[in-house]
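*Asks:* Based on what follows, work out the 3D shape:
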Amino acid sequence: MQLEKDCRSLIGHSDIDEGINRRNFIQTAVGVGFAAATLPVFAQSVIKTDATGLTAGVISLDIHGQKVPLYYAQPEGKSNLPVILVVSEIFGVHEHISDVARRFAKQGYLALAPELFIRQGDAGKYSSIAELIKEVISKVPDAQVMSDLDAVVAWAGQHGGDITRLGITGFCWGGRITWMYAAHNPSVKAGVAWYGRLIDQPNALSPTNPIDIAPTLTVPILGLYGAKDTGISVESVQKMQSALAKGNSHSEFRIYENSGHAFHADYRPSYVEADAKDGWARCLAWFKAHQVI
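*Replies:* You can find the predicted model right below:
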């Protein structure tokens, strides 16, 4: 399955084995620690954004009778804030994703990172990528994700967010969702997709993919991809560009020649500092250029 191939380009087999041996060191609460399957964590490169000047934490959002954990971060005492949805990798809302939310909050956003796998299981408890995909990720329907994100946006509009200034960004699995949610909700002003899968075989849970919605997409998306990504080829990016050219979304791509998959993931050996910093700067500039500020 392409999803598994994409995710295995992020983590090698030796990482999975080491993760099994060290899983007792992991905390799996939303926004705390790292999922077991992400080990080993390269502590020397992990970016730690403090919450000084912010209000941040986890709430439980009731969505159709399901309690969905939602990590939020925003400037303290502020309201009428632009809103950014932060969509996680397959590992769920661990410390890296919550840190990204705080980075956006430091820029003046209400940043929201929902735990989108909660109905299928706890992504943080699995020590094997294969097991995580089989037991959780492969069972998550796109329709469920779209509905959950809709509910998060509605909550934002009632809790200090200006949802007329709505953006979305996501990583790996969340990168694909960024494309799909922008097609689902055209009120999104802009999106930034980090190395999200673009082409795959349709199935009952994911009947369409970014390549399918590209010609009719109206939301501008910035795609940040690595030329050395073994799961998402440059050819697939070029096919996506051709499909987008048939429409009017004004989306763009930046391909990093020296990076592979997950080059923004500062807790992983895949991290490429220069490209991650450049991508982050482009991300912020993209949202600003499209009035998500």
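*Asks:* which regions of the stretch 51-200 of the chain lie under the pLDDT threshold?
*Replies:* Across the stretch 51-200 of the chain, nothing is flagged by pLDDT under 70.
*Asks:* which residues of it fall in helices?
*Replies:* Taking DSSP state H, counting those that start in this stretch as the test, the helices found in the stretch 51-200 of the chain are 95-106, 129-135, 142-158, 173-184.
*Asks:* hey, what's the residue nearest the centre of the chain bridged with?
*Replies:* The residue lying closest to the centre of the chain (C-alpha atoms, centre = their mean) is residue 170, at 2.3 Å. Residue 170 has these beta-bridge partners by DSSP bridges: residue 87, residue 193.
*Asks:* For residue 126, give its distance to residue 176.
*Replies:* Distance, residue 126 to residue 176, using C-beta to C-beta, to the nearest Å: 20 Å. Quick note: C-beta positions are derived from backbone N, CA and C, even for glycine.
*Asks:* Please work out how many residues are found near the residue nearest to residue 287 when sequence neighbours are not counted.
*Replies:* Closest residue to residue 287 apart from its sequence neighbours, by C-beta to C-beta, 6 or more residues apart in numbering: residue 167 at 5.0 Å. Residues near residue 167, counting by other C-beta atoms under 10 Å, number 27.
*Asks:* Does residue 167 touch residue 289 like I think?
*Replies:* No - judged on C-beta atoms under 8 Å, residue 167 makes no contact with residue 289 at a distance of 11.1 Å.
*Asks:* returning to what we had before: so which of the helices of the stretch 51-200 of the chain is the most packed in?
*Replies:* Mean neighbour count, computed with mean count of other C-beta atoms under 10 Å, is highest for helix 173-184 among the helices of the stretch 51-200 of the chain, reaching a mean of 26.
*Asks:* Now find how far off-centre stretch 64-78 is within its chain.
*Replies:* Once both centres are worked out by C-alpha atoms, centre = their mean, to the nearest Å, stretch 64-78 turns out to sit 16 Å from its chain's centre.
*Asks:* can you pull the contacts of the nearest residue to residue 62 once chain neighbours are set aside?
*Replies:* Nearest residue to residue 62, sequence neighbours excluded (C-beta to C-beta, 6+ apart): residue 68, at 7.6 Å. Listed by C-beta atoms under 8 Å, 6 or more residues apart in numbering, the contact partners of residue 68 are 60-62, 114-116, 118, 148, 151.
*Asks:* Show the buried residues in these.
*Replies:* Neighbour-count burial (16 or more other C-beta atoms under 10 Å) applied to these gives 61, 114-116, 118, 148, 151.
*Asks:* Just put those in TSV and tack on distance to residue 229.
*Replies:* Shown next, in TSV, are those (distance: C-beta to C-beta, whole Å):
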residue	distance to residue 229
61	33
114	26
115	26
116	23
118	28
148	27
151	32
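*Asks:* which ones among those are found in strands?
*Replies:* Among the buried ones among the contacts of residue 68, the members found in strands (DSSP state E) are 61, 114.
*Asks:* With respect to residue 202, which of the buried ones among the contacts of residue 68 is nearest?
*Replies:* The nearest member of these to residue 202, counting by C-beta to C-beta, is residue 116 at 20.0 Å.
*Asks:* For that closest one, which residues are in contact?
*Replies:* 68, 87-88, 92, 140, 144-145, 148-149, 177.
*Asks:* again with residue 162
*Replies:* Neighbouring residues of residue 162 by C-beta under 8 Å, 6+ apart: 80-83.
*Asks:* Pull the most distant pair out of those residues.
*Replies:* Maximum pairwise distance in the contacts of residue 162, criterion C-beta to C-beta, is 10.4 Å, between 80 and 83.
*Asks:* more neighbours, these two?
*Replies:* Higher neighbour count among residue 80 and residue 83: residue 83, with 28 against 9, using other C-beta under 10 Å.
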